[in-house]
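# Sequence and predicted structure, then a few things I'm wondering about:
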Amino acid sequence: MEPEPSAPARKVRFAPKVQPRKPPKLNQPKTEVKEEVDPSEIKELLQRAREGPGRPKVEKK
């Protein structure tokens, strides 16, 4: 599908502008700051998660 060599060049009113190349962004891994967590606090949170919701869900019709 090459254009015919005898075909005239396509004329455009304004020449298309070429966008400048952008340098690739380098993703630096983020470092996490580990917090000291009290073991009793962990147990309390796990216990609350196991208990489930405080009230039963309402059934919708």
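Perfect, thanks for sending it.
# who touches Val33 in this structure?
Under the criterion of CB atoms under 8 Å, 6 or more residues apart in numbering, Val33 has no contact partners. To be clear about C-beta, it is placed using only N, CA and C from the backbone, and glycine gets the same treatment.
# Residue ranges in the chain under the pLDDT threshold?
Filtered on pLDDT under 70, the chain yields the residue ranges 1-5, 54.
# what about the strands in it?
Using DSSP state E, the chain contains no strands.
# middle-most residue in it, spatially?
Asn27 (13.0 Å; CA atoms, centre = their mean).
# Next, work out how far apart that residue and Lys34 are.
Asn27 sits 22 Å away from Lys34, taking CB to CB, to the nearest Å as the criterion.
# What of Glu44?
20 Å.
# same check, this time on Lys60
43 Å.
# And Leu26, by the same measure?
Distance from Leu26 to Lys34, by CB to CB: 25 Å.
# And for Glu32, the neighbour number?
6 (other CB atoms under 10 Å).
# again with Thr31
Neighbour number of Thr31 under other CB under 10 Å is 6.
# Likewise for Arg50?
So Arg50, with other CB under 10 Å, has 7 neighbours.
# and it, how far is that from Asp38?
According to CB to CB, Arg50 and Asp38 sit 19 Å apart.
# swap in Gln47?
From Gln47 over to Asp38 (counting by CB to CB), the distance is 14 Å.
# next one: Phe14
For Phe14, the distance to Asp38 - CB to CB - is 68 Å.
# ok, now Lys57?
In terms of CB to CB, Lys57 sits 32 Å off from Asp38.
# repeat for Pro16
64 Å.
# Same check on Pro56?
For Pro56 relative to Asp38 (CB to CB), the value is 32 Å.
# again, but for Ala15
68 Å.
# and Arg13, how many neighbours?
4.
# Check the spacing between the residue nearest to the centre of the chain and Ala15 real quick.
Applying CB to CB to Asn27 and Ala15 gives a distance of 36 Å.
# what's the span of stretch 31-45 from first residue to last?
25 Å (CA to CA, to the nearest Å).
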